[in-house]
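Participant: Here is my input, please return the structure:
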Amino acid sequence: MPISCLVKKFRLALFDAAKRGVRVILLLQERIEHPLFNYAAKALYCSFLEAGVQIYEYHKGVMHAKVAVIDSHWATIGSSNFDPFSLLLSLEANIVIDDQPFAKTLTHSLETAIADRAYKVEPDIWKTKPVRQKIASWICYALARFMTGMAGVAPDNLVDENNREC
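Facilitator: Next up, the predicted model:
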């Protein structure tokens, strides 16, 4: 899921949960499928990392999973990203499963993918990225937000004061 397009309320909920001590982990694809959204997502890494969200980049092939496990019993699996395009314009679907054994199995699969096929994004390393790369990421983020607005699905405020450049 390109975190650059996450619905703002959902991003803020992730930030708040991490700040309360909830373990929030994002497993994102390292391989670039859509350059604009890939670079836009990187603009938000600092905000997520500073809030205490752990970010891992999956590096062994293409990862197209859209799954989540919450409170060790609630899980969702499907094709929908949590972004305005998927939620309002695309024909996407997710299923919600409230079953502890299923959630445990899915959690184990995610933990295995992280352990065997992902790199952790360290906050200190992200802060030392070249300025040129950070500027490119913020330009892509602004363009992605603009495109969302042009599609008519942007939140009422395109400026997001909770995202800061590191």
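Participant: which residues in this structure form helices?
Facilitator: 8-19, 35-51, 84, 100-117, 123-127, 131-150 (DSSP state H).
Participant: Please compute how far stretch 64-77 lies from its chain's middle.
Facilitator: 13 Å (Cα atoms, centre = their mean, to the nearest Å).
Participant: Endpoints of that stretch, how far apart?
Facilitator: 11 Å (Cα to Cα, to the nearest Å).
Participant: Any buried residues in it, and which?
Facilitator: 65-66, 68-69, 75-77 (16 or more other Cβ atoms under 10 Å). From N, CA and C alone the C-beta is placed, and that goes for glycine too.
Participant: and the least confident of those?
Facilitator: Lowest pLDDT within the buried residues of stretch 64-77 is found at Ala65 (79).
Participant: Surely Ile55 touches Val24?
Facilitator: No - contact criterion Cβ atoms under 8 Å: Ile55 and Val24 do not qualify, at 9.7 Å.
Participant: more crowded one of these two?
Facilitator: Set Ile55 next to Val24 and count neighbours by other Cβ atoms under 10 Å: Ile55 wins out with 23 against 20.
Participant: In contact with that one, which residues are there?
Facilitator: By Cβ atoms under 8 Å, 6 or more residues apart in numbering, the contact list for Ile55 reads 25-26, 28, 45, 48-49, 120-121.
Participant: What is the nearest of those to Phe146?
Facilitator: Tyr45 (20.3 Å; Cβ to Cβ).
Participant: Report how many residues lie close to that closest one.
Facilitator: Tyr45, neighbours per other Cβ under 10 Å, totals 23.
Participant: quick thing: my sequence starts at 535, can you match it?
Facilitator: All set: I'll call the first residue 535, so the last point we hit is now Tyr579.
Participant: Show me the shaky parts of the protein.
Facilitator: 535-540, 616-623, 685-700 (pLDDT under 70).
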